[in-house]
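**Student:** next input, structure requested:
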Amino acid sequence: MKIKSLKNNIITYLLLFTVIPLCLGSLVIMDNIYKSEKKSIFHKHNQLLNQAKDDLNMMINDVEKVAVYIQNKYPTTQYNLLSGLVSLKKNISSILILDNDGILLDLSSSGGNVYKGYDYSNAKYFKEMKSGKLKYWTKVYLAQDSNLPSIAYSFRLDENKIVVLIVNLTVLDTFSKRFTSNDGSSMVSVVGSDDVYISYGDHKTSVLQRKTILRTELYKNYIEQNKDLNKQIEFVDENSKYIGLYGIFKRLNWKIIIKEKYDSVFHAYYTNLWFMVFFILVLILVASYFSFKFSKSILRPLSLLSKKMDALSSGKDIVTVKGDCYTELELLSSNFILMNGKIKDREKLNRIKDKQIYNSSKMARMGEMIGNIAHQWRQPLSVISTAASGILVQKEYGVLTDEKFKFYCDSIVDSTQHLSETIDTFRNFIKDKKERKEIILQDEINSTLKILETSLSNNHIQLFNNIDVSSPLKVTVSMGELAQVIINIIQNAKDILVEKKIVSPTITIELKVIDQRALITIEDNAGGVPESIITKIFDPYFTTKHQSQGTGLGLHMSYRIVNESLKGELSIKNTQNGAKFYIFLPLK
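**Tutor:** Reported below is the predicted structural model:
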């Protein structure tokens with residue numbers, strides 16, 4: 001067997017496993033950056049396309065609303081309806097009322113020399129309406145008075161009159177100003193149904209000269225073939241490469257083109273690409289140098305360190321190696337020994353803290369339970385006391401009848417039964433030994449809410465129970481744990497509602513099924529948790545209450561119960577009303 005040089009192998013492998021992955025990784029990174037950049041550009045262009053369509057839809061809808069308004073109001077209004085509309089709607093330059101022969105009966109115009117009696121019988125929009133259409137949009141043309149792109153919308157007012165709205169397309173000029181690229185050029189162009197530019201970015205002369213799109217590469221390769229509609233494309237226009245997309249505004253059959261110069265968009269990418277190439281070359285040189293240095297110094301220290309780590313992993317004490325060993329290696333070994341000892345001490349401390357957390361939480365929970373028991377028992381005890389007093393008084397005065405005696409006894413029996421049910425509920429809640437059992441989720445939630453309803457009512461808090469009991473949901477839980485979580489969350493909500501003195505305080509609880517998991521949501525209207533502390537809300541000992549009012553353990557223990565014992569998820573988000581807790585539980 002041929003003996004190889006370990007030093008040469010180390011150098012070779014170091015170079016292979018540094019230079020090659022570095023080059024491949026850099027290529028992958030740059031490719032991902034390029035794809036990400038193209039994706040980002042597409043999203044931006046697509047948003048602009050949708051925005052342009054929305055603006056055009058808004059303009060058309062506005063014109064058609066004006067038409068409906070004229071149909072309903074003309075000529076019944078007392079004021080000059082047409083002039084008022086032309087004055088109010090800046091994009092409508094003229095409104096014409098024609099008879100069935102195309103003669104102008106009434107009008108309002110912001111400019112131009114148009115008079116009543118003018119003959120429009122040869123106008124395209126009149127001929128289309130005369131042919132039986134109820135409404136008609138013309139192709140875009142340049143208005144004679146303003147030399148601006150305009151379009152006419154005509155509709156039949158009644159069987160004897162036709163209304164024509166002349167709309168100036170100033171909205172297209174706003175596209176050029178609003179949507180500009182990095183180099184300041186406009187990104188949006190609009191082509192009419194006759195394939196003539198009606199908005200061409202910064203090239204206003206092209207619009208005035210009625211320049212067509214038919215000879216462009218974009219039209220020949222894509223638009224004419226209806227290819228890659230609403231998809232990212234690359235094309236050449238006026239000796240410059242562009243990237244963009246185009247879409248069809250179907251209501252008027254206009255083409256909307258979004259484009260940016262390729263070099264302008266990817267300028268930063270090319271800069272980063274050259275920087276990455278230079279950086280790779282530098283790293284290759286550095287890697288080659290350190291490969292040689294590393295091969296000389298790594299072998300012996302690595303061997304010694306490996307032996308010591310083996311001993312440490314086996315739980316043995318590491319013995320300091322004397323002789324020609326490196327000082328750094330000895331320091332590293334000492335640090336590992338110290339770290340190992342600290343880890344063991346920390347594990348012991350964590351176990352003690354966990355026990356303390358559990359005991360503290362248990363005591364706090366029992367204190368809250370005693371308070372809730374007091375609230376639950378107050379009313380039935382009052383009923384028992386009232387019934388007993390009523391029996392004694394009526395017996396003393398000789399007015400106690402059998403019916404009243406039976407009524408009082410039934411009240412006492414019902415109240416004692418309620419007290420007994422309350423004791424059973426709280427006994428399950430505070431048991432140390434938790435028995436895992438399959439339960440009906442709706443029953444468990446409703447039973448828990450009964451514990452809290454008196455306390456909430458005494459604080460004038462309205463509880464909205466939106467639990468649907470028509471479709472029972474089965475889950476397996478440790479008895480009392482889910483109740484503890486719900487009580488902790490509602491108790492916190494109650495405290496903050498009382499503390500903030502919320503007008504009409506409410507707590508809403510709902511139950512849904514999402515992705516084969518039960519979702520319990522509990523929401524209050526206390527305004528929510530400040531964003532600066534919402535990520536700490538489940539930390540142990542974290543509380544916004546005074547030290548005498550809270551330990552900061554309730555929500556922490558709830559989080560551990562849901563995530564560890566119940567195998568679910570507990571989270572919190574702020575809503576418009578306040579804080580909303582989400583409890584996900586796996587269904588049976």
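**Student:** which residues of the chain fall in helices?
**Tutor:** 6-73, 81-88, 124-130, 170-178, 204-208, 217-218, 262-265, 267-297, 299-313, 327-396, 402-430, 441-458, 481-500, 554-560 (DSSP state H).
**Student:** output the contacting helices and strands for the fourth one.
**Tutor:** Translated: helix 170-178. Judged by 3 or more Cβ pairs under 8 Å, 6 or more residues apart in numbering; DSSP states H and E, helix 170-178 is in contact with helix 6-73, strand 188-191, strand 197-200. From N, CA and C alone the C-beta is placed, and that goes for glycine too.
**Student:** if you set the cut-off to 10 Å instead, what comes out?
**Tutor:** Helix 170-178 sits against helix 6-73, strand 149-156, strand 188-191, strand 197-200, helix 204-208, strand 254-261, with contacts defined as 3 or more Cβ pairs under 10 Å, 6 or more residues apart in numbering; DSSP states H and E.
**Student:** can you tell me how far Ile486 is from Glu444?
**Tutor:** Here Ile486 is placed at a distance of 9 Å from Glu444 (Cβ to Cβ, to the nearest Å).
**Student:** looking at those two, which one has more neighbours?
**Tutor:** Summary of the neighbour comparison: Ile486 and Glu444, criterion other Cβ atoms under 10 Å, with Ile486 having more neighbours (23 against 20).
**Student:** hang on, that one packs against Ile522?
**Tutor:** Yes - with contact taken as Cβ atoms under 10 Å, Ile486 and Ile522 are classed as touching, separated by 7.2 Å.
**Student:** overlap in contacts, these two.
**Tutor:** Residues touching both Ile486 and Ile522 (Cβ atoms under 10 Å, 6 or more residues apart in numbering): 445, 509, 581, 583.
**Student:** what's the farthest-apart pair in those residues?
**Tutor:** Ile445 and Phe581 (13.2 Å; Cβ to Cβ).
**Student:** so what sits against both of the two?
**Tutor:** Taking Cβ under 10 Å, 6+ apart as the contact criterion, the residues that touch both Ile445 and Phe581 are 486, 509, 520, 522.
**Student:** what number of residues lie near the closest residue to the last one other than its chain neighbours?
**Tutor:** Nearest residue to Ile522 in three dimensions, chain neighbours excluded: Phe581, at 4.7 Å (Cβ to Cβ, 6 or more residues apart in numbering). Each residue near Phe581 was counted by other Cβ under 10 Å, and the total is 25.
**Student:** wait, what's in contact with the residue nearest to Ala123 when sequence neighbours are not counted?
**Tutor:** The shortest distance from Ala123 to any non-neighbouring residue, by Cβ to Cβ, 6+ apart, is to Gly102 (7.0 Å). Each residue near Gly102 by Cβ under 10 Å, 6+ apart is listed here: 118-123, 125-127, 129-130, 162.
**Student:** got phi/psi on Gly102?
**Tutor:** Recorded main-chain torsions at Gly102 are phi 80, psi 10, according to degrees, to the nearest 10.
**Student:** now it: how far from Val140?
**Tutor:** Distance from Gly102 to Val140, by Cβ to Cβ: 22 Å.
**Student:** of the helices and strands packed on helix 170-178, which is nearest Leu218?
**Tutor:** Comparing the helices and strands packed on helix 170-178 by Cβ to Cβ, strand 254-261 comes nearest, at 7.0 Å.
**Student:** now the closest one against helix 267-297, angle please.
**Tutor:** 40 degrees (axes from the mean of the first three to the mean of the last three Cα atoms, to 10 degrees).
**Student:** which parts of strand 254-261 are buried?
**Tutor:** Across strand 254-261, burial judged by 16 or more other Cβ atoms under 10 Å covers 254-261.
**Student:** what of stretch 242-253?
**Tutor:** 242-247, 249, 252.
**Student:** quick one: distance of it to the chain centre.
**Tutor:** Taking Cα atoms, centre = their mean, to the nearest Å, one finds stretch 242-253 lying 29 Å from the centre of the chain it belongs to.
**Student:** returning to what we had before: which ones among the shared contacts of Ile445 and Phe581 map onto strands?
**Tutor:** 509, 520, 522 (DSSP state E).
**Student:** out of these, who's nearest Ser558?
**Tutor:** Closest to Ser558, out of all of those and judged by Cβ to Cβ, is Ile522, at 10.8 Å.
**Student:** against Ser146, how distant is that closest one?
**Tutor:** 63 Å.
**Student:** higher neighbour count, the two?
**Tutor:** The neighbour comparison of Ile522 against Ser146 (other Cβ under 10 Å) goes to Ile522, with 21 against 14.
**Student:** pretty sure that one contacts Thr508?
**Tutor:** Yes - Ile522 lies in contact with Thr508 (Cβ under 10 Å); the separation is 7.4 Å.
**Student:** please enumerate the shared neighbours of those two.
**Tutor:** Shared contacts of Ile522 and Thr508, defined by Cβ under 10 Å, 6+ apart, are found at 493, 580.
**Student:** my guess is Ser150 contacts Leu169. True?
**Tutor:** Yes - using Cβ under 10 Å, Ser150 makes contact with Leu169 at a distance of 6.3 Å.
**Student:** what touches both of those two?
**Tutor:** 91, 140, 143, 198.
**Student:** adding distance to Ser40, neighbour count and pLDDT, write those residues out as JSON lines.
**Tutor:** Output for these, formatted as JSON lines (distance: Cβ to Cβ, whole Å; neighbours: other Cβ atoms under 10 Å; pLDDT from 0 to 100):
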{"residue": "Asn91", "distance to Ser40": "34", "neighbour count": "16", "pLDDT": "84"}
{"residue": "Val140", "distance to Ser40": "33", "neighbour count": "25", "pLDDT": "88"}
{"residue": "Ala143", "distance to Ser40": "40", "neighbour count": "19", "pLDDT": "78"}
{"residue": "Ile198", "distance to Ser40": "29", "neighbour count": "25", "pLDDT": "85"}
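**Student:** so which of these sit within strands?
**Tutor:** Ile198.
**Student:** out of the shared contacts of Ser150 and Leu169, which is nearest to Ile561?
**Tutor:** Nearest member of those to Ile561, counting by Cβ to Cβ, is Asn91, at 63.2 Å.
**Student:** residues contacting the closest one?
**Tutor:** 59, 62-63, 66, 150, 165-171.
**Student:** again, 6 Å this time
**Tutor:** Listed by Cβ atoms under 6 Å, 6 or more residues apart in numbering, the contact set of Asn91 reads 167-168.
**Student:** separation between it and Asn50?
**Tutor:** Asn91 is 21 Å from Asn50, by Cβ to Cβ.
**Student:** also Lys474?
**Tutor:** Separation of Lys474 from Asn50 (Cβ to Cβ): 47 Å.
**Student:** kindly report the same for Leu229.
**Tutor:** Counting by Cβ to Cβ, the gap from Leu229 to Asn50 is 14 Å.
**Student:** now Ser121
**Tutor:** From Ser121 across to Asn50, the span is 41 Å (Cβ to Cβ).
**Student:** neighbours of Thr521, how many?
**Tutor:** 16.
**Student:** name the spans of the stretch 351-500 of the chain whose pLDDT lies under the cut-off.
**Tutor:** 354-380, 382-383, 387, 411, 414-415, 417-419, 421-435 (pLDDT under 70).
**Student:** next, the distance between the ends of stretch 201-218.
**Tutor:** 16 Å (Cα to Cα, to the nearest Å).
**Student:** for it, which outside residues touch it?
**Tutor:** Residues contacting stretch 201-218 (Cβ under 6 Å, 6+ apart): 176, 185-186, 189, 191, 195-197, 200, 219, 235-237.
**Student:** and that stretch, what's buried?
**Tutor:** Within stretch 201-218, the residues that qualify as buried are 201, 203, 206-207, 211, 213, 216, 218, counting by 16+ other Cβ under 10 Å.
**Student:** cool, stretch 230-238 as well?
**Tutor:** 232-233, 235, 237.
**Student:** and which of those residues is nearest Ala493?
**Tutor:** Gln232 (49.4 Å).
**Student:** look up the closest residue to the closest one, ignoring the ones flanking it.
**Tutor:** Nearest non-adjacent residue to Gln232 (Cβ to Cβ, 6+ apart): Phe42, at 4.5 Å.
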